[in-house]
Every structure is written in structure tokens, then in C-alpha cells.
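Participant: With the sequence up front, the predicted model follows.
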Amino acid sequence: MENNDKKISRRKFLKMISALLAIPSFAVWFETVKTNLKIISKTKKVILPANMNDGISFIENLIVEKSGKGINIFSSTCTHLGCKINQEKNNKFICPCHGSQFALNGEVIKGPATKNLKQFNYSQDKKTGKIIVYVG
């Protein structure tokens, strides 16, 4: 009787296993890259003028508080239910929907909001002096 079963060498077997393992690894890598590209594409850059006056400014979805001490930039989205904060009274940011109040440093003074306003970092263009804020 002849044995028609073909034997596979150890080297060929390992190559086949490596190839089979590479396929899911590539799929995971591809999904990771795709997810990171989505995050990067959602990041929005807001450019503010270099010569902003001291005080409070509401620009796009930002609250800019500028004083001689520096600049603070916050999200204008209330942390309670997401209403847009668009007013400042008596050194407080006031949410028009439910009356939450925030100090000029973004801290909650009065609810129903329980979380402080999101603060954004910024950089300043050395040539133009414009303020660059990355939001998202």
C-alpha cells in the first residue's frame, strides 16, 4: 500500500501559520489607523486675532477671557445639557437654558451644572501673534 498523504515540512507549516496570523493583525492595525484618522479629522482649529481687547469674547463655540494676567479659553457649551453660553453678567458666565453659572475661570458657581467648563490650551503664532486653539 502506498501512503498518498503528503507531509508538510516544519518550515512550510510555520510560514502558513505566520501568514494566517498576519491577516487579523493587519485588520486590527488598519482599524486603529482609520479610527485615529477620524479623531484627527474631527479636531478643529480656531484662529483668534492677535489684537483682542481685554474682557470677555464669545467667538464661535468658545468663550475667551483675556486680562493683563493672560488668556483663558473655554468651551461655550454648558456642561449641564449642552446649551450655548452666550452671556456674561457680574463676572459670571450664565447659561440661558437652566441658569447654571460659571466663574471666569470656568468653575461651576451655581447648578444645575456640576462640571466645570472645558478649558482649551492654545498656542500663539510667533510671526502673526494670532492665537491658535485646537478644539474637538
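Facilitator: Here it is on my side, so go on.
Participant: after the helix or strand of the chain with the lowest mean pLDDT comes which helix or strand?
Facilitator: Least confident helix or strand, the chain: helix 10-42 with a mean of 72, by mean pLDDT, DSSP states H and E. Next along the chain after helix 10-42, taking DSSP states H and E as the criterion, comes strand 44-48.
Participant: Can you list the strands that that following strand pairs with?
Facilitator: strand 131-135 (antiparallel) (DSSP bridges).
Participant: gap between the strand it pairs with and the chain center?
Facilitator: Computed by C-alpha atoms, centre = their mean, to the nearest Å, the separation of strand 131-135 from the middle of its chain amounts to 11 Å.
Participant: can you pull the pLDDT of the spatially closest residue to residue 83 that is not a sequence neighbour?
Facilitator: Distances taken as C-beta to C-beta, 6 or more residues apart in numbering place residue 97 nearest to residue 83, at 3.7 Å, with adjacent residues excluded. All C-beta spots, glycine's among them, are computed from the backbone N, C-alpha and C. The confidence metric pLDDT takes the value 88 at residue 97.
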